[in-house]
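Trainee: Sharing a model that was predicted from the sequence below.
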There are 2 protein chains.
Amino acid sequence: MDILHRIGVRTPTPDATYEALTTIDGLAGWWTAATEGSTGIGDVIEFRFPPVGGFDMKVLEARPNDRVVWEVIDGPAEWIGTTISWDLRQDDDFTIVLFRHAGWREPVEFMHHCSTKWAVFLMSLKSMIETGHGAPAPQDTAIDNWN
Amino acid sequence: MDILHRIGVRTPTPDATYEALTTIDGLAGWWTAATEGSTGIGDVIEFRFPPVGGFDMKVLEARPNDRVVWEVIDGPAEWIGTTISWDLRQDDDFTIVLFRHAGWREPVEFMHHCSTKWAVFLMSLKSMIETGHGAPAPQDTAIDNWN
């Protein structure tokens, strides 16, 4: 079971979006300010959401302006072993981002939550590139009682 | 294949959320201003997004403050025959909404788009009830080059 999303970032090339997915500063600008680690192939990126925990992602693929894939190696039990992929392409004035969080084992309530929350963070990514201002945690938009 | 989402609306009972899903005025306040039809069991609700078309939904279930189910009977080919369910429950200060758009046949790019767009409209539903102001089409938030 997969979570799927699509956004279009109004920007002339995929460079800015690729950079937002493959640098610590870029990631900290739209997902969580508490992002550390390294972003090369085989490296681990540590995303934290104080005080509730976070995710460790191993970088499996990073093809410039084309595709990024992470594997979740630590975090909530439901996330471990799942993969997150980002496919980029340019359509005229937009960088199209196809997002897939693949390998959920059950359609649990937490999967519903994460699907909506991913959408909100993808809109934060779009905003960061288009306006210079994202809404990363802890300034993220709450969607429910789990935040 | 299903699109799943979860929001929590900060409101003391599920009444307002149920009304927003089962009255024409309620639906027009968060999804599309161009909503017509009737909302009883077996009735058809017509959602339009000028100039690009829309969806006709047949109401399959409507259990007060508990569950609403629609079947898509006209609209884009990918949507016809799919079902959309809304499960409501109260968790302390929040009405929790579990959303499921079930029965997609292929994980097409349009499904990615609709998943993100549903999240944006669910946040519009939450905002309508919490603040009195939703963002229904044509005032909806664009997510990509398909709107």
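Mentor: Received the coordinates, thanks.

Trainee: Would you mind listing the residues in contact with A:Trp86?
Mentor: A:21, A:67-69, A:97-99 (CB atoms under 8 Å, 6 or more residues apart in numbering or on different chains). For every residue, glycine as well, the C-beta is placed using N, CA and C.

Trainee: same thing with A:Gly53?
Mentor: By CB under 8 Å, 6+ apart, the contact set of A:Gly53 is A:75-76.

Trainee: okay, now the nearest residue to A:Gly134 once chain neighbours are set aside: neighbour count?
Mentor: Closest residue to A:Gly134 apart from its sequence neighbours, by CB to CB, 6 or more residues apart in numbering or on different chains: A:Met128 at 3.2 Å. A:Met128 has 21 neighbours, counted by other CB atoms under 10 Å in any protein chain shown.

Trainee: Could you look up the SS state of A:Met128?
Mentor: Applying DSSP: H, G, I helix; E, B strand; the rest coil to A:Met128 yields a three-state assignment of helix.

Trainee: Can you pull up the residues of chain A that come close to chain B?
Mentor: Contact residues, chain A versus chain B (CB under 8 Å from any CB of the partner chain): A:1-8, A:91-94, A:96, A:98-100, A:107, A:109, A:111-113, A:115-116, A:119-120, A:122-123, A:126, A:141, A:143-146.

Trainee: In helices only, show me those residues.
Mentor: Among these, DSSP state H puts A:109, A:111-113, A:115-116, A:119-120, A:122-123, A:126 in helices.

Trainee: Got a quick PyMOL command for the buried subset of these?
Mentor: For the buried members of these, the matching PyMOL selection, counting by 16 or more other CB atoms under 10 Å in any protein chain shown, is:
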select buried, chain A and resi 111+112+113+115+116+119+120+122+123+126
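
Trainee: ok, so of the ones in helices among the residues of chain A next to chain B, who is nearest A:Leu27?
Mentor: For those, the minimum distance to A:Leu27 (CB to CB) is 13.0 Å, reached by A:Leu122.

Trainee: hang on, isn't that closest one packed against A:Ile3?
Mentor: No. Look at A:Leu122 against A:Ile3 with CB atoms under 8 Å: they stay out of range, at 10.7 Å.

Trainee: Which neighbours do these two have in common?
Mentor: Both A:Leu122 and A:Ile3 are contacted by A:Phe99, under the criterion CB under 8 Å, 6+ apart.
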